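Trainee: Predicted structure and sequence below. I'll ask about it afterward.
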Amino acid sequence: QVQLVESGGGLVQTGASLKLSCAASGRTFHSYGMGWFRQAPGKEREFVAAISPFGRNTYFADSSKGRFGISRDYNNKVFLEMHSLRPEDTAVYYCAARGGPDNSYSYSTAGEYPYWGQGTQVSVSS
């Protein structure tokens with residue numbers, strides 16, 4: 001069982017940067033792949049970025065490439081660094097954990113993640 005708690009969201013202006021954190025419980029944290037998803041009002045939850053166990057591989061949505069970075073540490077935390085934020089990045093951002101195969105399809109699919117945090121709001125003003 002893994003419990004996830006996100007933090008770091010807030011209201012920023014276009015072009016700003018923001019760093020989200022996800023704190024995970026559980027001694028087997030390093031064996032889980034970790035993903036970030038987001039959901040804007042009236043839209044479906046969409047994949048943002050993911051990192052495999054021990055940070056071996058990273059995956060990004062096209063909308064995130066070149067602007068967002070993902071990392072994890074040895075204190076059961078995973079981070080999403082967001083730069084050059086745009087109003088369309090406004091959403092609730094969720095951290096998620098999964099086991100299973102290490103491939104881009106699995107990491108980008110919300111249904112592959114059994115564990116989710118409660119989300120943190122990111123709002124980007126124009």
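Mentor: Happy to help now that I have it.
Trainee: Student question: in the chain, what's the helix or strand with minimum average pLDDT?
Mentor: Each helix and strand of the chain was given a mean pLDDT (mean pLDDT, DSSP states H and E); the minimum falls on helix 104-108 at a mean of 92.
Trainee: packing partners for the helix or strand just after that one?
Mentor: Downstream of helix 104-108, the first helix or strand assigned by DSSP states H and E is strand 115-116. On a contact count with 3 or more Cβ pairs under 8 Å, 6 or more residues apart in numbering; DSSP states H and E, strand 115-116 meets strand 91-98. Bear in mind the C-beta positions are built from the backbone N, C-alpha and C, glycine included.
Trainee: which residues does the closest residue to Ser7 other than its chain neighbours bridge with?
Mentor: If the residues on either side of it in the chain are set aside, Ser7 comes closest to Ser21, at 5.1 Å by Cβ to Cβ, 6 or more residues apart in numbering. Beta-bridge partners of Ser21, counted by DSSP bridges, are Ser7, Phe79.
Trainee: which residues sit in contact with Ser21?
Mentor: Residues in contact with Ser21 (Cβ atoms under 8 Å, 6 or more residues apart in numbering) are 6-8, 77-79.
Trainee: Would you mind measuring from it to Gly9?
Mentor: Between Ser21 and Gly9 the computed distance is 10 Å (Cβ to Cβ, to the nearest Å).
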